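S.K.: Starting from these lines, generate the structure:
(one chain, ligands or ions: 2)
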Amino acid sequence: MLKRKLAIILPAYNEEEVINKTTQVLSELLQKMILNSQIASDSFIMYVDDGSADRTWELINELSDEYGHIKGLKFSHNFGHQNALIAGLTEVTGSDVDFAVTIDADLQDDPNAIIEMVELATNENKDIVYGVRNDRTSDTWFKRQTAGLFYKFMNWLGVKTIPNHADFRLVNQKVLGAFQEYTERDMFLRGIFPVIGFNSAEVFYARAEREAGETKYPLKKMLQFATSGITSFSVVPITLVRNVGLLISGISILMLIYIFIGSIMQQTQLGWPSLMVSIWFLGGIQLTAIGVIGEYIGKIFMEVKHRPRYIVAERRN
Ligand code: UDP
Ligand code: MG
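M.R.: Ligands and ions are numbered 1, 2, ... in the order given. Below you'll find the model as predicted:
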């Protein structure tokens, strides 16, 4: 049987505390899969250092000096998780790699699920295999709730996403080729892959605690990520704002008629409170509407500039 070459791609941003452990776990896994003749012996692990400020890159260097199966890319500064994933995927597109798996560097996603992913891709010709968490008890209550709401909202907007799937997935060369056709700057990968289509499957795993170090996704980044996900895939928020605007205009016409009739009958008692309330209310709605539209215009601005998504400063192996 033809042995498939596997590349495991890991974005790493300030992960000095966990990278040695991660390398050890994944190397053992690769070794096991190679011994079982599941994958080719030149399969490898590739770290994409997203402009870390700590010793992450030094450690990647040490590891790649010591082991031939460790490769590394280093960004010139922090370009973000999604761009680090894109860089890794782009790097192996069109190469002799058969399957690329992306996984976080903190071992929160169960590496053993990779065995099943490769099995599905090899034996059942699946083009994409999504890792899906069926147990998120290790995440905080807040994170579970906000994530749940976010995916519900995306679904309501008509955006196809795989519930409880993050960026732990296997793709083959067919998918990698198609992926390169998506050239937008601000990418929301977990929305793109379901749109690419092809033959897909899911494998389930329990999400573990972070092995070491802290989350690189504080609330602010989570909100940015969610906003970018929504505005990349849907213009429904603009429609929504327009509808609210129309509704309020309708109401104000009714109010106008009411005031007009009232003044004819000389019974206008409409004083300061109602005036203030409507000014504040309308002002608020207007600002929100401008904000939503501005969000999209900002996005257009960023996209038309067509700047590089990332810049690779150094490479190893
Ligand atoms: N990450 C990255 N760039 C960033 C933030 C995060 O490459 O700007 C990487 C990080 O090193 C990790 C993965 O993305 O491998 C997921 O981040 P994290 O585990 O901190 O997120 P969480 O699991 O808490 O959502
Ligand atoms: Mg994590």
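
S.K.: drop to CA atoms for contacts and neighbour counts, all remaining ones
M.R.: Noted.

S.K.: now check stretch 67-82, is it near ligand 1?
M.R.: Yes - where contact is defined by CA under 6 Å from any ligand atom, part of stretch 67-82 touches ligand 1, namely Gly80, His81.

S.K.: Before we go further, Met33 is sitting in a strand, right?
M.R.: No - counting by DSSP: H, G, I helix; E, B strand; the rest coil, Met33 is located in no strand; its state is helix.

S.K.: Quick one: residues contacting it.
M.R.: Ile39, Ile115 (CA atoms under 8 Å, 6 or more residues apart in numbering).

S.K.: per-residue confidence for it?
M.R.: pLDDT, the model's per-residue confidence, is 97 for Met33.

S.K.: Next, work out how far apart it and ligand 1 are.
M.R.: 23 Å (CA to the nearest ligand atom, to the nearest Å).

S.K.: which SS class is Tyr217?
M.R.: coil.

S.K.: residues near it, how many?
M.R.: The local packing count at Tyr217 equals 11, with neighbours defined by other CA atoms under 10 Å.

S.K.: Can you say which helix or strand has Leu30 in it?
M.R.: Element membership for Leu30, per DSSP states H and E: helix 19-35.

S.K.: Show me which residues of the stretch 1-150 of the chain are close to ligand 1?
M.R.: Pro11, Ala12, Tyr13, Glu15, Asp50, Gly80, His81, Ala84, Asp104, Ala105, Asp106.

S.K.: was I right about Gly80 contacting Ser52?
M.R.: No - between Gly80 and Ser52 there is no contact under CA atoms under 8 Å: 10.6 Å.

S.K.: on that earlier part again, need the residues of the stretch 1-150 of the chain next to ligand 1 in JSON lines (columns: pLDDT).
M.R.: Supplementary listing: those in JSON lines, determined by pLDDT from 0 to 100:
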{"residue": "Pro11", "pLDDT": "98"}
{"residue": "Ala12", "pLDDT": "98"}
{"residue": "Tyr13", "pLDDT": "97"}
{"residue": "Glu15", "pLDDT": "96"}
{"residue": "Asp50", "pLDDT": "97"}
{"residue": "Gly80", "pLDDT": "95"}
{"residue": "His81", "pLDDT": "96"}
{"residue": "Ala84", "pLDDT": "98"}
{"residue": "Asp104", "pLDDT": "96"}
{"residue": "Ala105", "pLDDT": "96"}
{"residue": "Asp106", "pLDDT": "94"}
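
S.K.: Between which two of these is the distance greatest?
M.R.: Greatest spatial distance in those: Gly80 and Asp106, 15.7 Å, computed using CA to CA.

S.K.: Would you check how far apart Arg144 and ligand 1 are?
M.R.: From Arg144 to ligand 1 the distance is 11 Å (CA to the nearest ligand atom).

S.K.: go on, Phe198?
M.R.: Using CA to the nearest ligand atom, one obtains 26 Å as the distance from Phe198 to ligand 1.

S.K.: Burial check on that residue, number of neighbours?
M.R.: When neighbours are defined as other CA under 10 Å, Phe198 has 12 of them.

S.K.: now the one 5 residues further on
M.R.: The burial metric for Val203, expressed as a neighbour count using other CA under 10 Å, is 17.

S.K.: Now it: closest residue in space, sequence neighbours ignored.
M.R.: Spatially, and ignoring its direct neighbours in sequence, Val203 is nearest to Gly131 (5.1 Å; CA to CA, 6 or more residues apart in numbering).

S.K.: more crowded one of Gly80 and Asp106?
M.R.: Between Gly80 and Asp106, counted using other CA under 10 Å, the more crowded position is Asp106 (23 against 18).
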